[in-house]
Each structure stands twice: as C-alpha cells, then as structure tokens.
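Peer 1: here is the input, now give the coordinates:
(chains A and B)
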Amino acid sequence: MPHFERLYNFACWLTHDRQEAEDLVQEAYAKALKGFPSFQPGTNFRAWIYKILRNAFLTSRTGLKATATVQLDLEGEEEILPAVSETPESILLQRSDGQLVQRALEQLPVAYREILLLCEVEEMSYQEISATLAIPMGTVMSRLSRARKALRDCLWPQFQKGKPTVNYGL
Amino acid sequence: MVCESWNAKLDTYLDGELPEQEMRTFDAHVRSCHSCSANALTRVQMKRTIQGAGRRFTPSAEFRRRVQHSIAPKPQRRLLPAWVFAATAAVVLVVGTLTLTYMRTRSGRDQVYSEIADLHVATLASSSPVDVISTDRHTVKPWFQGKIPFAFNLPELQNSEFSLLGGRMTYLDQTPGAHLIYDVRKHHISVFVFQERSLAARLDGNALAPEKLPFNLETWSQGGLRYFVIGDASTADLDSLVRLFKAAS
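Peer 2: From the prediction side, this is the model:
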C-alpha cells in the first residue's frame, strides 16, 4: 500500500482522532481502488491519493466543522509575506523542543496545518500541493506564507508563557 | 534594501521553488551575505524541526492488516484448466472489444448523471442546502474564489422567472465544483459547474440524460467547463435557465 504510513499521519493531523483517521485512510484506499480507472497515468499518484483522503475529510463531520469555523478570507490577495525576525525560531532551535511545534501545529486552522504538513513533512512541490488541495499555485505560495507566519505567531506565546494562547476559533 | 527583497523570497528559495536562474543568484547572495545565510540556516533548521514534529503518528500493525485485507482482491477458485480460461478470454476479447468503448462511455455517463441527481436530492434535503445565501450573483460568485480552481459567470436574472437562492462547494469524481440553486415557481433547480478535463467520465458536448432518471437534466460543455442543470421543473424551464447560462458564459 503506497504512502500508507504517511497518509495515516496526515489523517491524524487533520482529524486529531486516531479512530477517525483510520476510517479516513480506509475510505481513501477503498475509493482509490474503486476510482483507479479514473487515475491518469503520468500524473502524480501521491497527489491523487492525498486529494482523495482530503476530500473524504472535508465531507466528514469533523472536516465540515473544522472548515466551517475557519475564516473564509484566509487568502485575500495572493501576497507572500516577507520573512520576519527569527526570534521565536532561534529560541526554538536553542531548545530543540519538537513538542512545542506539535502543539503549535495543533492550534493552527486546518487550512494552514494541512499545507504546512504537505510542504514540510511530505516534502511536496508547490505543483503537487496545488493538485492535492485543488488551488492555484499563487494561492499555494500565499497560503504557505501565511501558515508559516501563523505558526510563528502561535509559537511565540508558548516560548513566553509555556503554553499556547493564540486561538484561531477551532 | 537588497536583503529585504531576498528575505521576502527566502522560504520559496528554501523550498526549492524559485526559477533556476534566480536560485543560482540567490545561492551566490546567501554565500556572501552573513545576515541572509544566518536567516537561511535558521529557517532550514525550523523546517527540519517541523518535519520531525510532523511525523508523529504511526499506524498499528493491526490497522495495516485490516486495510490490506479490505482492499485485497478476492481469491478466485480455478475450476477449469487454464486453456479454457484462455480460450474464453480470447472470445470475450473479440466480442467485448466491439462493445467496450460504447459501454464504458454509457456506464461512465450514467454514473455521472446518477451522482448529479444524488447531489441535487441530498442538498435539497439538507437543513442548510447552501453555504452562501444570497440572491445577488455578485455576492455568490466571489464566494467561490479560492475554493474552486476555476471561475465562471452567473446570468443576470432580471426579467426572468428565476431567482438565485445561493451556492455551495461540491465534489464529483474527487473534483471540486460549484453548486448553485435556483428557484422557479417553487421548483428548485440545481446548476453544477466543474472543469471538463477533471471529470473522469467522457460526456458528449450536449449529452442527453437517461430516461430512467427521475429528474429533468441538461448538460453541456462551454469554455472548458461542464455544466449540469437538474431539477423537477419542466424541460421548458430548464431550457430557459440553460440559455441564460450559455449567454452569460
């Protein structure tokens, strides 16, 4: 089963629930098998199966709830935010605390969390992310930029107070 | 000032997504600029930290077995010698080739129509059939920006019997699309818009719906988009709405 472990990991991050993640992965493989004739050889299989899993998530109860509570104007114009002072990251690196990053990722809206995971963890190209999320390349870049900023904003109070304070309404 | 402009592209550079020429220029700059190289190093380490933190969940062996079992092909008993199967397969191949293309097209098309009918019924049965509630096309159309990977036009409804109720996102063949709901004399009509090239099933330019479908349905392709109009309104009403859409696109 190609990408099985990675898909499961991605599903867990989306749902925050292992049982739901298992259901999603199982549904994704069943749909992929059923819809395999619609897969176009030469196109990206990984993006295709991630897209199936993500669509299954979006139509699930958790997915509908998660996307319904996120601001709809996340993107605005396709602006790429410049990198800012590295203070939170520098401190993070000194502490090498992966748990802080995990907590910060959990706090992010699903639209930001998923794009960061696809880019940093799955190491997908912008083209693959565009195909997986069904959004234009420009939106991939701007959303990624905003997601990174949101992660930094989320990390900063954790460093200062030892617990997350940024709330995105999730 | 120069470093500020580099800084704006730092993440894209580290993602390896800048154009080749710009990558080389950036490489040279980072090697010679202490500030940018320090920033780049920090961000690379941050990427690695996210990568490590993101690889967090591992499926159990039991779950893997369960999925493998659920998608494994069912074993088939061999009741006859292999040559019988080979001969049968040859005959089936000859006969099947003659009808396969036709059947595939028809089967795929019927499946699409069936799914469109399901989406129409399920949406109308929902307590919140639309995600954007507005009779104004200038409110509904912009709502889809960033949600679907294409743009489309909505018709002007003044001097017509139709009124727009709203819209929602939908999926067909794992492809995102727009679902609009119109009202005409208390009949609800759904209009679906998808990218033609994203749909697995091949449909004729203006295909007819199968007779067994419990709704009137019209579909056509225009500007790379596939439109479906479905509802229990009369075919004359559907024709009118189709004409309005064709004129607007």
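
Peer 1: what ranges do the strands span in chain B?
Peer 2: Here chain B has its strands, by DSSP state E, at B:132-133, B:163-172, B:175-184, B:187-195, B:216-222, B:225-231.

Peer 1: what do you get for chain A?
Peer 2: According to DSSP E, chain A contains no strands.

Peer 1: can you list the low-confidence ranges for it?
Peer 2: A:36-43, A:68-97, A:158-170 (pLDDT under 70).

Peer 1: pick out the residue nearest the middle of chain B.
Peer 2: Note on chain B: the residue nearest the mean C-alpha position is residue B:175, at 1.2 Å, using Cα atoms, centre = their mean.

Peer 1: per-residue pLDDT, the spatially closest residue to it that is not a sequence neighbour?
Peer 2: Of all residues not flanking residue B:175 in the chain, residue B:198 sits nearest, at 4.0 Å (Cβ to Cβ, 6 or more residues apart in numbering or on different chains). Where C-beta positions appear, they are placed from N, C-alpha and C, glycine not excepted. pLDDT for residue B:198: 77.

Peer 1: the one 4 residues further on now?
Peer 2: Note on residue B:202: pLDDT of 66.

Peer 1: got it, and the one 4 residues further on?
Peer 2: If you check residue B:206, the pLDDT there is 59.

Peer 1: residue B:153 now?
Peer 2: Residue B:153 carries a pLDDT value of 90.

Peer 1: so it makes contact with residue B:248?
Peer 2: Yes - assessed by Cβ atoms under 8 Å, residue B:153 is found in contact with residue B:248 at 4.4 Å.

Peer 1: may I see the strands of chain B organised as CSV, with distance to residue A:47 added?
Peer 2: Putting the strands of chain B into CSV (distance: least, Cβ to Cβ, whole Å) gives the following:
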stretch, distance to residue A:47
strand B:132-133, 28
strand B:163-172, 16
strand B:175-184, 13
strand B:187-195, 16
strand B:216-222, 25
strand B:225-231, 22
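
Peer 1: would you list those strands in CSV and tack on mean pLDDT?
Peer 2: Shown next, in CSV, are those (pLDDT from 0 to 100):
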stretch, mean pLDDT
strand B:132-133, 86
strand B:163-172, 90
strand B:175-184, 92
strand B:187-195, 93
strand B:216-222, 89
strand B:225-231, 92
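
Peer 1: what segments of the chain are helices?
Peer 2: Let's take chain A. Counting by DSSP state H, chain A has helices at residues A:4-15, A:18-34, A:45-58, A:61-68, A:87-95, A:98-107, A:110-116, A:126-133, A:137-161.

Peer 1: hmm, I had chain B in mind actually
Peer 2: Assigned by DSSP H, the helices in chain B fall at B:2-8, B:10-14, B:20-32, B:34-54, B:61-71, B:82-125, B:137-143, B:235-248.

Peer 1: export the ones you listed to CSV and append columns for mean neighbour count.
Peer 2: Output for the helices of chain B, formatted as CSV (neighbours: other Cβ atoms under 10 Å in any protein chain shown):
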stretch, mean neighbour count
helix B:2-8, 13
helix B:10-14, 20
helix B:20-32, 12
helix B:34-54, 17
helix B:61-71, 13
helix B:82-125, 13
helix B:137-143, 16
helix B:235-248, 16
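
Peer 1: name the nearest residue to the residue nearest to the spatial centre of chain A, sequence neighbours excluded.
Peer 2: Nearest to the mean C-alpha position of chain A, counting by Cα atoms, centre = their mean, stands residue A:114 at 0.7 Å. What sits nearest to residue A:114 in space, not counting adjacent residues and going by Cβ to Cβ, 6+ apart, is residue A:14, at 6.4 Å.

Peer 1: what about the one you found, neighbour count?
Peer 2: 24 (other Cβ atoms under 10 Å in any protein chain shown).

Peer 1: against residue A:63, how distant is it?
Peer 2: As judged by Cβ to Cβ, to the nearest Å, residue A:14 and residue A:63 stand 7 Å apart.

Peer 1: isn't residue B:140 right up against residue B:134?
Peer 2: Yes - contact between residue B:140 and residue B:134 holds when scored by Cβ under 8 Å: they sit 5.3 Å apart.

Peer 1: who touches both of the two?
Peer 2: Counting by Cβ atoms under 8 Å, 6 or more residues apart in numbering or on different chains, the common neighbours of residue B:140 and residue B:134 are B:164, B:166.

Peer 1: for the helices of chain A, give me CSV that also has distance to residue B:86.
Peer 2: What follows is these, written out as CSV (distance: least, Cβ to Cβ, whole Å):
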stretch, distance to residue B:86
helix A:4-15, 35
helix A:18-34, 27
helix A:45-58, 32
helix A:61-68, 48
helix A:87-95, 64
helix A:98-107, 55
helix A:110-116, 49
helix A:126-133, 40
helix A:137-161, 50
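
Peer 1: near chain A, anything from the helix or strand of chain B with the lowest mean pLDDT?
Peer 2: Ranked by mean pLDDT, DSSP states H and E, the helix or strand of chain B with the weakest confidence is helix B:82-125, at a mean of 74. No - Helix B:82-125 lies out of reach of chain A by Cβ under 8 Å from any Cβ of the partner chain, never closer than 8.9 Å.

Peer 1: that helix vs strand B:175-184, what angle?
Peer 2: Orientation of helix B:82-125 against strand B:175-184 (axes from the mean of the first three to the mean of the last three Cα atoms, to 10 degrees) gives an angle of 40 degrees.

Peer 1: so what does helix B:82-125 touch, helix or strand wise?
Peer 2: For helix B:82-125, the elements it packs on are strand B:163-172, strand B:175-184, strand B:187-195, strand B:216-222, strand B:225-231, judged by 3 or more Cβ pairs under 8 Å, 6 or more residues apart in numbering or on different chains; DSSP states H and E.

Peer 1: what angle separates the last one from strand B:216-222?
Peer 2: Between strand B:225-231 and strand B:216-222, the angle comes out at 170 degrees (the same axes, to 10 degrees).

Peer 1: got a markdown table for the helices and strands packed on helix B:82-125, with distance to residue A:4 too?
Peer 2: A markdown table is the format used below for those (distance: least, Cβ to Cβ, whole Å):
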| stretch | distance to residue A:4 |
| --- | --- |
| strand B:163-172 | 23 |
| strand B:175-184 | 24 |
| strand B:187-195 | 29 |
| strand B:216-222 | 38 |
| strand B:225-231 | 33 |
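
Peer 1: so which of those strands is nearest residue A:123?
Peer 2: strand B:175-184 (24.2 Å; Cβ to Cβ).

Peer 1: contacting residues for residue B:14?
Peer 2: Residue B:14 is in contact with B:40, B:43-44, B:47, counting by Cβ under 8 Å, 6+ apart.
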